[in-house]
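Visitor: Sharing a model prediction with you, sequence too.
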Amino acid sequence: MQFKQGPTPELSGARRRFPPAILAFFIQVAALVLLWCMGQVVSWLEWGSLPGWALFLAQGAFASLLSMLLGMAVWWRLIHLLFPLAILFMLQWQVPAWAYLLAFCFTLALFWSTYRTQVPFYPSLPATWRQVKDLIPVDKPVSVLDIGSGLGGLVMYLARERPNATCAGIELAPLPWLLSVLLAVLKKSPAIFKYGDYQAVNLSRYDVVFAYLSPAAMPDLWRKAEKEMQAGSLLISYEFEIPGVAPKLQIQERPDAPSIFVWEF
């Protein structure tokens, strides 16, 4: 494990004018227009018609290429590539209408806040939990908040490993929040899980705040933390830096692993 003192390089790039979901829609529309133009050229040259699967594959390839040129995250490029093929699959297999409704409801419950917060559901792993545990003081009672706590794994782990800490998580997506509450009950964990937006929480009540969000959410998090967090408290971010703000500490378990960034107020 490597410990590096700040400063660290700033994140490059600026926020997109459109939320990723809206940008993805425009990209698919643009890819469809490109595909139509390609079809017109093929027809004019009398090269014959392309098979259906090739059209869907070309649609996905165009969209994936456009998303790469516009600097979207890697997972969006994969989504753009597979989206038309998924439609082709569902058309060929004649998926019943209720399956679409079920999939929509499940996705909505899981990614409820992603459109607004630009933070996808991506839980942290036990290796990260152990590193965060080592940053929590052991010589005094502390209060810990996990922003975007997901299924609650980190919060319940810290509540078990740091009995002197009051551990809470806040989650805006309803399905992960509900599952975290149920898991806490089943495990008889003292961890507390709140449903809602962290922007409505006063961070001055917490000694340690952990966040695993996304680059788009970090400036807002810093503005709130700088305004509310008390002297001596810690803000911890896994993988994502705060643009223009050097952390006090950067922890990297392996050279190829994401870092944990720590700011002390």
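Guide: Nice, I can see it. Residues are numbered from 1 along each chain as shown.

Visitor: just for the stretch 51-200 of the chain, where's the confidence low?
Guide: Applying pLDDT under 70 to the stretch 51-200 of the chain flags residues 52, 73, 95, 97, 99-101, 103-122.

Visitor: Can you list the residue ranges for strands in it?
Guide: 142-147, 165-171, 192-195 (DSSP state E, counting those that start in this stretch).

Visitor: how about those strands in CSV, adding mean neighbour count and distance to residue 179?
Guide: From N, CA and C alone the C-beta is placed, and that goes for glycine too. Converted to CSV, the strands of the stretch 51-200 of the chain look like this (neighbours: other Cβ atoms under 10 Å; distance: least, Cβ to Cβ, whole Å):
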stretch, mean neighbour count, distance to residue 179
strand 142-147, 23, 15
strand 165-171, 25, 9
strand 192-195, 19, 10
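
Visitor: Which one of those lies nearest to residue 262?
Guide: strand 142-147 (13.5 Å; Cβ to Cβ).

Visitor: And the closest one, what does it pack against?
Guide: helix 153-161, strand 165-171, strand 208-211 (3 or more Cβ pairs under 8 Å, 6 or more residues apart in numbering; DSSP states H and E).

Visitor: Neighbouring strands of it in the sheet, and parallel or not?
Guide: Applying DSSP bridges, strand 142-147 is found paired with strand 165-171 (parallel), strand 208-211 (parallel).

Visitor: Dump those into a markdown table; add distance to residue 32 as well.
Guide: What follows is those, written out as a markdown table (distance: least, Cβ to Cβ, whole Å):
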| stretch | distance to residue 32 |
| --- | --- |
| strand 165-171 | 36 |
| strand 208-211 | 37 |
